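*Asks:* sequence-free structure coming up:
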């Protein structure tokens, strides 16, 4: 007699994150995922780089970590250290650079290093959705640092730190995306960076700095990275997912050996994908600056088109916080528009957006906001998709009354 199929769910561990739903078909107008523009992927240069590095170092693939350091492929760590010095003011040894499988692995490593169940951290009022989900899964309390258009409100942060102190508690870290904040696109000023570091010292709380978008700036130079200003107070992570290719799962952590040595002890993947590291190092060593220049010009053009489309289709109903770089625009609506319902209705007609509550430390504070990603969509899709989104908003909430210089009638 054949035994019934086992029910794995009855054997699942406790405290698992929510299960993922089955993949749905990609929406035609995908403003919901941080993909990049396929035309920005330098395929021919990748082919040349892969050919060169495999001919030179291909036999090293026979050995874990290519026979080198567990920190990662040395030429790639050299690229990271060089770009951080030239663009972010960070002067660090390659021995303080750990290559990770994307910045998400870097986030997991930092959390494993610093957090226990029941701890408390401070995270920006609106921030990266995966940062929230990871903290929730770990059983860590997240307090929201208030944001304005310039980033963290330092007076509000100071009040939070003082309140924790009065309760006999201390935050385990302050998580911030200071340079092209996700989702708002702001850049924290040099004055605020110094104040943040002062507060870190005053309350003895480390800073967890995420600079995944810092290479994609079109509004002039940003202030130095927080790690450059206070390497004794900051753990820094970054990524090549947005500047090079999301499917190349490459990120990095910059920290003292005291931290990196412990991270390596529980980085149990046998090493970040070696071929990805070899390809990236070979390409970026020669082409980093020129590639980023082309990419940012392309993305800035898409952003300008997106802002024009939102203004045309939504008018004063939508308030766009125009980003200073990156891949996302943060849009606020009046109280009559519920972002989650708007996302649900838009998905039915092929438009994917990110509802604000998913990007808010306190979900209710994002009820009337959305995040729009403009990396993947074409110029035609931007115009068509925003017009369709405005029509969905009108049909669902009655606003905007007019879009595209005509009255909304319910006919898209």
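*Replies:* Arrived safely, thanks for sending. Because the structure is a prediction, the values reported are computed rather than measured.

*Asks:* Next SSE downstream of the helix or strand hosting residue 197?
*Replies:* Assigning secondary structure by DSSP states H and E places residue 197 in helix 190-203. If you walk from helix 190-203 toward the C-terminus, the next helix or strand you reach (DSSP H and E) is strand 207-210.

*Asks:* and after that next one, which helix or strand comes next?
*Replies:* As assigned by DSSP H and E, the chain's next helix or strand after strand 207-210 is helix 226-229.

*Asks:* And for that following helix, what's in contact with it?
*Replies:* By Cβ atoms under 8 Å, 6 or more residues apart in numbering, the surrounding residues in contact with helix 226-229 are 84, 88-92, 176, 178, 193-194, 196-197, 207, 209, 233-236, 254. (Glycine included, C-beta is placed from N, CA and C.)

*Asks:* how about a cut-off of 10 Å?
*Replies:* 84-85, 88-92, 96, 174, 176, 178-179, 188, 190, 193-194, 196-197, 200, 207-209, 211, 223, 233-238, 254-255 (Cβ atoms under 10 Å, 6 or more residues apart in numbering).

*Asks:* Check which helix or strand the spatially closest residue to residue 130 that is not a sequence neighbour maps to.
*Replies:* Spatially, and ignoring its direct neighbours in sequence, residue 130 is nearest to residue 104 (6.2 Å; Cβ to Cβ, 6 or more residues apart in numbering). Residue 104 belongs to helix 102-114 when elements are defined using DSSP H and E.

*Asks:* buried set for that helix?
*Replies:* Buried residues in helix 102-114, defined by neighbour count with 16 or more other Cβ atoms under 10 Å: 102-111, 113-114.

*Asks:* where does the stretch 251-400 of the chain dip in pLDDT?
*Replies:* Low-confidence segments of the stretch 251-400 of the chain (pLDDT under 70): none present.

*Asks:* ranges for the helices of it?
*Replies:* Using DSSP state H, counting those that start in this stretch, the helices found in the stretch 251-400 of the chain span residues 257-266, 274-314, 339-348, 379-397.

*Asks:* what angle separates the last one from helix 274-314?
*Replies:* What that stands for is helix 379-397. 60 degrees (axes from the mean of the first three to the mean of the last three Cα atoms, to 10 degrees).

*Asks:* what's the distance between residue 32 and residue 248?
*Replies:* 21 Å (Cβ to Cβ, to the nearest Å).

*Asks:* quick one on the thing from earlier: the helices of the stretch 251-400 of the chain into TSV, with extra columns for distance to residue 360 and mean neighbour count?
*Replies:* Shown next, in TSV, are the helices of the stretch 251-400 of the chain (distance: least, Cβ to Cβ, whole Å; neighbours: other Cβ atoms under 10 Å):
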stretch	distance to residue 360	mean neighbour count
helix 257-266	29	15
helix 274-314	20	19
helix 339-348	10	18
helix 379-397	20	20
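
*Asks:* Mind putting the ones you listed into CSV with distance to residue 10?
*Replies:* Listed next are these as CSV, based on distance: least, Cβ to Cβ, whole Å:
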stretch, distance to residue 10
helix 257-266, 29
helix 274-314, 38
helix 339-348, 32
helix 379-397, 41
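
*Asks:* Which of those sits closest to residue 135?
*Replies:* helix 257-266 (18.0 Å; Cβ to Cβ).

*Asks:* by contact count, what packs against that closest one?
*Replies:* If you count contacts as 3 or more Cβ pairs under 10 Å, 6 or more residues apart in numbering; DSSP states H and E, helix 257-266 packs onto strand 97-100, helix 102-114, strand 234-239, strand 251-254.

*Asks:* let's see it at 6 Å
*Replies:* Under the contact criterion of 3 or more Cβ pairs under 6 Å, 6 or more residues apart in numbering; DSSP states H and E, helix 257-266 touches helix 102-114.

*Asks:* For the helix it packs on, the averaged confidence score.
*Replies:* Confidence over helix 102-114 (mean pLDDT, whole number) is 95.

*Asks:* what separates the very next helix or strand once past it from the chain centre, distance-wise?
*Replies:* Going down the chain from helix 102-114, the next helix or strand is strand 120-124, by DSSP H and E. The chain centroid and the centroid of strand 120-124 are separated by 16 Å under Cα atoms, centre = their mean, to the nearest Å.

*Asks:* Partner strands of strand 120-124, with direction?
*Replies:* strand 141-145 (parallel), strand 174-176 (parallel) (DSSP bridges).

*Asks:* Need the residues that contact the last one.
*Replies:* Put plainly, it is strand 174-176. Applying Cβ atoms under 6 Å, 6 or more residues apart in numbering, the external contacts of strand 174-176 come out as 122-123, 205, 207-208.

*Asks:* Just name the most buried of the strands paired with strand 120-124.
*Replies:* Comparing these by mean neighbour count (mean count of other Cβ atoms under 10 Å), strand 174-176 ranks first with a mean of 25.

*Asks:* quick one: average confidence on that one?
*Replies:* Per-residue pLDDT over strand 174-176 has a mean of 98.

*Asks:* Also stretch 41-49?
*Replies:* 95.

*Asks:* if we can go back for a sec, show the buried residues in the contacts of helix 226-229.
*Replies:* Buried by 16+ other Cβ under 10 Å: 84, 88-90, 92, 96, 174, 176, 178-179, 188, 193, 196-197, 200, 207-209, 211, 223, 233-238, 254-255, out of the contacts of helix 226-229.
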